[in-house]
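Asker: predicted model and sequence below, questions to follow.
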Amino acid sequence: MSNLGALCDLADLAVVRSEEALSHESREHLASVARRARRRRGFLGEVLVVAFAGGTGTGKSSLINEIVGEPVAAVGIARPTTTEALAVIPGATMAGFDGLLDELGVGRRVESDLLDSLMLVDLPDFDSTQEANRRIVEDVLPRVDAVVWVADPEKYADAVIHVDFLSAWSQYEGQFIFVLNQVDRLEGEADRVVAHFADLLTRDGFTTPEVVQTIARGPDKDISPLRSALADRLDTKRTVIAKLATDLKIAAQNAWIEAGSSARSGIGDAALRDRISLAAATFVSLGVAAADLLHQMAEE
Ligand SMILES: Nc1nc2c(ncn2[C@@H]2O[C@H](COP(=O)(O)OP(=O)(O)OP(=O)(O)O)[C@@H](O)[C@H]2O)c(=O)[nH]1
Ligand SMILES: [Mg+2]
């Protein structure tokens, strides 16, 4: 796991060598992924940033309140209720997180002494009637370490969510916990719906998606399966490293593909082609090193 530093060095080298291999925009993207990885590495092991995302009214804010143990996030009947990202931060250590929060781009922050090493981010709905909400989700999600994806019995199968969104995230399987909330409304059908949800997630590209069932409100309230999943599946340090390694692996794959077309358009200029080949080889090295780190971690 200590190879993350070497991976960041390799990412910086890939950026330096990418000038002629990538468009300005792609180069900026690769550079921002590399920068973000290096900065996030500075806070390794201290806190895990977990965003709650999903459709409107599924119970994201309610689940956060239950986990924190106090009503920090607004829960409502009017849809959508949450229109701004809100970070709930472990109280005792808040001062040290300012840099991390600035990096996340989340302005609204509340402290809770009841949280330990988790920072929870309540997000607006993904399937909003309000375009701005979706943009907030798309902006914040790539910056967090892990995601609790909250679905409800009505919307868990929505094509918009699966096709437009979740399928693009399947390489981040280790970062996701899937929740079917409001199972109190299913009257004995919960297991069948959970199996169907898991099946749809498999079609989105997740290999072994695990769906936990919760009830965030009412007399049968029970969020213990989510608590267990957070504690058992999301080790603070490993999750951050896996997230960053996956970011770098995907960025390297995309850069390598683009370098191939740059090399084709450089035919006739042997020196240029050599420089692009060197960049492409560096993208491959970065992708392989990131995949190797992920593999090592999976074996541990
Ligand atoms: N029956 C039932 N109702 C729930 C449950 N969880 C939340 N609710 C209700 O569902 C409604 C929406 O809850 P929120 O927590 O505001 O949902 P949200 O996902 O944050 O919604 P947005 O902020 O609009 O995206 C509220 O009326 C809650 O009381 C549950 O497990 N069972
Ligand atoms: Mg909400």
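Answerer: Thanks, I have it. Ligands and ions are numbered 1, 2, ... in the order given.

Asker: flag the shaky bits of the chain, pLDDT-wise.
Answerer: By pLDDT under 70, the weakly predicted segments of the chain are 1-2, 76-79, 92-97, 128.

Asker: please enumerate the helices of it.
Answerer: For the chain, helices defined by DSSP state H occupy the ranges 4-16, 24-41, 60-68, 98-104, 131-140, 159-164, 190-204, 224-233, 236-265, 270-299.

Asker: and the shortest one, what other elements does it pack with?
Answerer: In terms of contacts (3 or more C-beta pairs under 8 Å, 6 or more residues apart in numbering; DSSP states H and E), helix 159-164 is packed against helix 190-204. Backbone N, C-alpha and C define where each C-beta goes, glycine included.

Asker: the helices of the chain: which one's closest to V88?
Answerer: helix 60-68 (5.7 Å; C-beta to C-beta).

Asker: ok, and what's touching that closest one?
Answerer: Contacting residues not belonging to helix 60-68 are listed as 52-54, 71-75, 81-82, 88, 112, 114-115, 118, 120, 122-123, 125, 148, 150, 179, 181, 214, 216-217, 221, 223, 226-227, 230 [C-beta atoms under 8 Å, 6 or more residues apart in numbering].

Asker: that one: how far from the chain's middle?
Answerer: Relative to its chain's centre, helix 60-68 lies at 18 Å (C-alpha atoms, centre = their mean, to the nearest Å).

Asker: so which of the contacts of helix 60-68 reach ligand 2?
Answerer: Counting by C-beta under 5 Å from the ion, 81-82 from these sit close to ligand 2.

Asker: I'd like the helices of the chain laid out as CSV, including mean neighbour count and distance to ligand 1.
Answerer: Shown next, in CSV, are those (neighbours: other C-beta atoms under 10 Å; distance: least, C-beta to the nearest ligand atom, whole Å):
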stretch, mean neighbour count, distance to ligand 1
helix 4-16, 19, 33
helix 24-41, 17, 26
helix 60-68, 24, 3
helix 98-104, 16, 18
helix 131-140, 15, 8
helix 159-164, 14, 13
helix 190-204, 16, 11
helix 224-233, 14, 11
helix 236-265, 20, 23
helix 270-299, 17, 31
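
Asker: so for Q175, which of those sits nearest?
Answerer: helix 236-265 (5.4 Å).

Asker: chain center to the closest one: distance?
Answerer: For helix 236-265 - counting by C-alpha atoms, centre = their mean - the centre lies 15 Å from the chain centre.

Asker: how about stretch 8-15?
Answerer: Distance, centroid of stretch 8-15 to centroid of chain: 22 Å (C-alpha atoms, centre = their mean).

Asker: stretch 17-29 now?
Answerer: 24 Å.

Asker: before we move on, back to that, which of the contacts of helix 60-68 count as buried?
Answerer: Neighbour-count burial within those applies to 52-54, 72-73, 75, 81-82, 88, 112, 115, 118, 120, 122-123, 125, 148, 150, 179, 181, 214, 216-217, 223, 226, 230; the criterion is 16 or more other C-beta atoms under 10 Å.
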